[in-house]
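> Coordinates for the following, if possible.
(2 chains)
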Amino acid sequence: AQRVTQPEKLLSVFKGAPVELKCNYSYSGSPELFWYVQYSRQRLQLLLRHISRESIKGFTADLNKGETSFHLKKPFAQEEDSAMYYCALRDSSYKLIFGSGTRLLVRP
Amino acid sequence: EAGVTQFPSHSVIEKGQTVTLRCDPISGHDNLYWYRRVMGKEIKFLLHFVKESKQDESGMPNNRFLAERTGGTYSTLKVQPAELEDSGVYFCASSQAWGTQFFGPGTRLTVL
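Now for the predicted structure:
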């Protein structure tokens, strides 16, 4: 079955600390993986896609097919990173399958 | 460029009533998707239009939900009759071809 798992509902870190938001997936084909972010009172927006292999706002994510993971990392968290983060997989029919989300709280 | 818009932003109705949600995609985006997040659960796919055709409606929960996209522009999602478990946030997204899906702000539906 196709599934995306985000094991942490809440991740709380201090400003300047490293952040890792975990995401594991289950998919029989070649997955396309994304991280979406929703800041307070804003809409869901794309943060990263694994195909691009880019760094956005200091965040990176590497697809590890052996571990079926796509963890989101940032070496030094900022207060403005506080938001809800969703890992998503796009299947062959182009619909997105979301994880349950992780709320990141960056304390000053 | 205007983003995806959704109307209303919030709807409160009683069980058994009908509600119609509207989504206006980004101009030129042929692909339109509906998703929803019910309380405590993850965001789930409902259906996908390509222009006016339903490409995939495998996520529609039951026949109380009806989605249309006449003319291939805006889309409506009607819930009739609404039940308590339909409460949640309904998101619309659009994309150009098979590119990135851009999301609307969502409609919060509360069924009392």
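
> list the contacts for the residue lying closest to B:Ile13 once chain neighbours are set aside?
Closest residue to B:Ile13 apart from its sequence neighbours, by CB to CB, 6 or more residues apart in numbering or on different chains: B:Val19 at 5.2 Å. (Each C-beta comes from the backbone N, C-alpha and C, glycine too.) By CB atoms under 8 Å, 6 or more residues apart in numbering or on different chains, the contact set of B:Val19 is B:11, B:13, B:78-80, B:82, B:109.

> Quickly note the distance from B:Gly3 to B:Gly104.
Per CB to CB, to the nearest Å, B:Gly3 is found 7 Å from B:Gly104.

> Mind listing the shared neighbours of these two?
With contacts defined as CB under 8 Å, 6+ apart, the residues shared by B:Gly3 and B:Gly104 are A:Arg43.

> Please, where are all the strands along the chain?
No chain was given, so I picked chain A. Shown for chain A, the strands assigned by DSSP state E span residues A:3-5, A:10-14, A:19-21, A:24-26, A:32-38, A:45-49, A:60-61, A:72-74, A:83-90, A:96-98, A:102-107.

> Correction: the question concerned chain B.
If DSSP E is used as the criterion, the strands of chain B fall at B:5-7, B:10-13, B:19-24, B:31-38, B:43-50, B:53-56, B:65-68, B:75-79, B:88-95, B:102-103, B:107-111.

> Would you format these as CSV with mean pLDDT and distance to A:Ala77 included?
Listed next are the strands of chain B as CSV, based on pLDDT from 0 to 100; distance: least, CB to CB, whole Å:
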stretch, mean pLDDT, distance to A:Ala77
strand B:5-7, 97, 31
strand B:10-13, 97, 32
strand B:19-24, 97, 34
strand B:31-38, 96, 25
strand B:43-50, 96, 24
strand B:53-56, 94, 37
strand B:65-68, 97, 40
strand B:75-79, 97, 37
strand B:88-95, 96, 27
strand B:102-103, 96, 24
strand B:107-111, 97, 29
